[in-house]
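In: Please work out how this folds:
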Amino acid sequence: MASWYGAEFQGSRTADGERFDQHALTAASRSFPIGTHVRVTNLANGRSVVVRVNDRGPFVHGRVLDVSHAAATALGMVGRGTARVRVESVGEGSAPTVTGHARVRRPRRRRLR
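Out: Prediction:
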């Protein structure tokens, strides 16, 4: 399960020391190292986005990722607040991207609920 965070944290320092930007494609994770790029796929609608992990969290039981408002918008989860997602590491060199439907499966994928 993923959730999102936005305006209330705008400008706050993230775990990597940068300022949080709700308009950037970023995420907070307890499992992935800072700087890792991950593909997040909303299992309800198939929409996916590649985000860069730049913070730690979420700190709510059962949640595996907090994504920025921009990422939540791309995933179509702003209204609901949370979504069941699949999270896959895509390598450090990948730039954040958005796609309509994710069909690429990587060997190091993690299925998270």
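In: Every contact and neighbour count from this point should use C-alpha atoms.
Out: Fine.
In: ok, the strand ranked longest in the chain: who's next to it in the sheet?
Out: Using DSSP state E, we find that the single longest strand of the chain is strand 48-55. Strand 48-55 sits in its sheet next to strand 26-29 (parallel), strand 37-42 (antiparallel), strand 98-99 (antiparallel), going by DSSP bridges.
In: Go through those strands and pick out the most buried.
Out: Greatest average neighbour count among these goes to strand 26-29 (a mean of 28), per mean count of other Cα atoms under 10 Å.
In: looking at this structure, which helix or strand is least sure?
Out: Among the helices and strands of the chain, strand 98-99 carries the lowest confidence by mean pLDDT, DSSP states H and E, at a mean of 47.
In: Give the helix, strand or coil label for residue 71.
Out: Counting by DSSP: H, G, I helix; E, B strand; the rest coil, the backbone at residue 71 sits in helix.
In: Alpha carbons only: can I get the longest strand of the chain in PDB?
Out: This file holds the C-alpha atoms of strand 48-55, laid out as PDB (Å, rounded to 0.1, in the frame of the first residue of the first chain):
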ATOM      1  CA  SER A  48       3.000   3.600 -13.400                       C
ATOM      2  CA  VAL A  49       5.700   6.200 -12.600                       C
ATOM      3  CA  VAL A  50       9.400   6.000 -12.000                       C
ATOM      4  CA  VAL A  51      10.400   8.000  -8.900                       C
ATOM      5  CA  ARG A  52      13.600   8.700  -7.000                       C
ATOM      6  CA  VAL A  53      13.700   7.700  -3.300                       C
ATOM      7  CA  ASN A  54      14.900  10.800  -1.400                       C
ATOM      8  CA  ASP A  55      13.300  10.400   2.000                       C
END
